[in-house]
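Enquirer: Predicted model and sequence below, questions to follow.
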Amino acid sequence: MKRFILPAMIIFSLFTSLGCVSKPIPIPGDSPRTIRNIYIEYMNIGNTFFKLEDYKSAAENYKLAMHNKKIYWACYYKLALCYVYTSSWANAESMYKQMLKRDPDNSSLKASLAYIYSMNGNVLKAIKMYASFLEEQPENESYLENYLVLILSEKKYFKKYRTAFEEKLEKLNEVNPENKNLTKITEKYKELAEIKEEEIEDISEEEELASEENESEGESELSDNDNPESSEEAQENTEKESSSEEISQ
């Protein structure tokens, strides 16, 4: 019996009309290796879209590529970045939390999650995370700047953390007096310092409770069935990518 062969144009359409495909469709009779290669092609196409800053198309391809368990976590990380760059903060938050479950000591993932928290409305949580980062790296200019900017974002945060703010502002001056945002930060500080504390509202108990959530908690947007057991290869790929790209304020 002759094997049915799909015309080349139809095969090509699998990679050019992805909006109509919800799941990769293997060609009947293909070997497992060929099918795995199809998923790798989805990842390659996703990377191409990513470089072109077409993050929506890149995300769709990474989702398809994740059916190959060997490249699952590498694609998972790039998919999370796509959500960051498209301001899909809830999805980005859940995925970064999931990655931190696998790699809880990854400082780049933690710093990126702090940024995502601030963009997703949990500024107090982000402030607390940057404070913990500065305990380990007190002269990290990026951490200092982000910490100060977040405290200045609302008067209630400045009221609560004023003393710590002043200490870190002095430290930033020591680390880099030429910091491009130092003048703006200082001007905003002087403005808030003139406001009487009794005129500023306190941080609500609800917000305090929300900020106490552990950064590694949360569910991935993907089902457990899509989530393979970690392999050494997948772990290595994820750590390599996540340690090289840290999103920031």
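Expert: Noted; the coordinates are in hand. As the structure is a prediction and not an experimental result, all values here were calculated from the model.
Enquirer: Every contact and neighbour count from this point should use C-alpha atoms.
Expert: OK.
Enquirer: So which bits of stretch 139-151 are buried?
Expert: Buried residues in stretch 139-151, counting neighbours by 16 or more other C-alpha atoms under 10 Å, are found at 139, 141, 143-151.
Enquirer: mind putting those residues in CSV, pLDDT, distance to residue 79 and secondary structure included?
Expert: Converted to CSV, the buried residues of stretch 139-151 look like this (pLDDT from 0 to 100; distance: C-alpha to C-alpha, whole Å; DSSP: H, G, I helix; E, B strand; the rest coil):
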residue, pLDDT, distance to residue 79, secondary structure
139, 96, 32, coil
141, 96, 28, helix
143, 96, 25, helix
144, 97, 28, helix
145, 96, 28, helix
146, 96, 25, helix
147, 97, 27, helix
148, 97, 30, helix
149, 97, 28, helix
150, 97, 26, helix
151, 97, 30, helix
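Enquirer: nearest to residue 168, of these?
Expert: Sorting the buried residues of stretch 139-151 by distance to residue 168 puts residue 144 at the head of the list, at 6.4 Å, by C-alpha to C-alpha.
Enquirer: ok, now how distant is the closest one from residue 103?
Expert: From residue 144 across to residue 103, the span is 24 Å (C-alpha to C-alpha, to the nearest Å).
Enquirer: now the buried residues of stretch 139-151 as TSV including distance to residue 127?
Expert: Formatted as TSV, the buried residues of stretch 139-151 follow (distance: C-alpha to C-alpha, whole Å):
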residue	distance to residue 127
139	16
141	15
143	10
144	11
145	11
146	8
147	6
148	9
149	9
150	6
151	7
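Enquirer: for the spatially closest residue to residue 65 that is not a sequence neighbour, what are its contacts?
Expert: Once flanking residues are discounted, residue 65 sits nearest to residue 39: 4.4 Å by C-alpha to C-alpha, 6 or more residues apart in numbering. Neighbouring residues of residue 39 by C-alpha atoms under 8 Å, 6 or more residues apart in numbering: 24, 64-68.
Enquirer: Out of those, flag the one nearest to residue 159.
Expert: Set against residue 159, the nearest of these by C-alpha to C-alpha is residue 66 (46.1 Å).
Enquirer: Distance check, that closest one against residue 129.
Expert: Distance from residue 66 to residue 129, counting by C-alpha to C-alpha: 30 Å.
Enquirer: and if you look at residue 68?
Expert: Going from residue 68 to residue 129 by C-alpha to C-alpha gives 34 Å.
Enquirer: just to revisit the earlier point, helices - which of the contacts of residue 39 land there?
Expert: When DSSP state H defines the helices, the subset of those inside them is 64-65.
Enquirer: Most neighbours among the contacts of residue 39, please name it.
Expert: Using other C-alpha atoms under 10 Å as the neighbour definition, those reach their maximum at residue 65, which records 29 neighbours.
Enquirer: which residues touch that one?
Expert: Listed by C-alpha under 8 Å, 6+ apart, the contact set of residue 65 reads 39-43, 71-72, 75.
Enquirer: All the helices of this protein, residue numbers only.
Expert: Listed in chain order (using DSSP H), the helices of the chain are 8-16, 32-51, 55-65, 72-85, 89-102, 107-119, 123-136, 141-152, 155-175, 182-193, 205-211, 232-242.
Enquirer: possible to save the ones you listed as a markdown table with distance to residue 199?
Expert: Formatted as a markdown table, those follow (distance: least, C-alpha to C-alpha, whole Å):
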| stretch | distance to residue 199 |
| --- | --- |
| helix 8-16 | 59 |
| helix 32-51 | 47 |
| helix 55-65 | 44 |
| helix 72-85 | 36 |
| helix 89-102 | 32 |
| helix 107-119 | 24 |
| helix 123-136 | 20 |
| helix 141-152 | 16 |
| helix 155-175 | 10 |
| helix 182-193 | 11 |
| helix 205-211 | 18 |
| helix 232-242 | 43 |
